[in-house]
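Student: Predicted structure and sequence below. I'll ask about it afterward.
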Amino acid sequence: MTVTSNSLRSFAGGILIATSLIGAVYLFGPSEASSTEKEEPAEVQKLSEDEMVKKLTSKGYVIHTEDQWNKQLKAMNEKQEEKASDKKDDGKVVYKTMLTVSTGMTSIDVGNALEQANIIKDGLDFYKEVEKRGLENELRPGTFDVESGMTTDEIISAIFK
């Protein structure tokens with residue numbers, strides 16, 4: 001098939017006419033914004049305070065006045081202060097962390113992560129303990145909450161199968 005100048009001109013003319021028609025329909029055609037149907041705004045219903053409280057409580061919400069809320073906060077703060085004063089302060093800092101064990105990690109990696117989080121003193125000692133128990137291949141993937149107050153046995157039982 002040979003392309004002649006007349007067939008090329010005819011093709012270009014067809015594209016020009018098609019785009020002109022599409023442009024005209026787009027610009028001058030009906031738009032959604034100027035539709036003849038007009039939506040009426042929803043009527044706003046004004047409720048009294050009692051009606052609002054009744055509606056909200058019927059749906060499970062708890063409604064307090066500002067005074068009630070402040071009294072509740074004050075009582076909660078007093079309870080927390082009592083608990084804090086009841087606890088013995090021996091000056092020992094407890095570190096907590098969420099350890100994420102992923103597939104492919106080794107017990108050496110876990111020991112190093114625990115050491116960096118100040119949960120254990122030495123990651124190598126942790127690895128040796130795991131190896132001594134024969135659990136180095138029993139590491140289970142997941143996320144575990146551990147803290148420095150836990151014993152090595154508790155940490156190993158939490159992380160290994």
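Tutor: That came through fine. Numbering: from 1, shown residues only.

Student: Quick one: the strands in this structure, in order.
Tutor: Shown for the chain, the strands assigned by DSSP state E span residues 96-101, 142-147.

Student: ok now the first one, how far from the chain's centre?
Tutor: Averaged C-alpha coordinates place strand 96-101 at 17 Å from its chain's average position (CA atoms, centre = their mean, to the nearest Å).

Student: least trustworthy helix or strand in the chain by mean pLDDT?
Tutor: helix 66-86 (a mean of 82; mean pLDDT, DSSP states H and E).

Student: name the helices or strands packed onto it?
Tutor: Helices and strands touching helix 66-86, as assessed by 3 or more CB pairs under 8 Å, 6 or more residues apart in numbering; DSSP states H and E, are absent. Where you see a C-beta, it was placed from the backbone N, CA and C, and this is true even at glycine.

Student: could the strands of the chain go into a markdown table alongside mean neighbour count?
Tutor: Converted to a markdown table, the strands of the chain look like this (neighbours: other CB atoms under 10 Å):
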| stretch | mean neighbour count |
| --- | --- |
| strand 96-101 | 14 |
| strand 142-147 | 13 |
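
Student: JSON lines please, covering these and showing distance to A117 and mean pLDDT.
Tutor: Formatted as JSON lines, the strands of the chain follow (distance: least, CB to CB, whole Å; pLDDT from 0 to 100):
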{"stretch": "strand 96-101", "distance to A117": "4", "mean pLDDT": "86"}
{"stretch": "strand 142-147", "distance to A117": "8", "mean pLDDT": "87"}
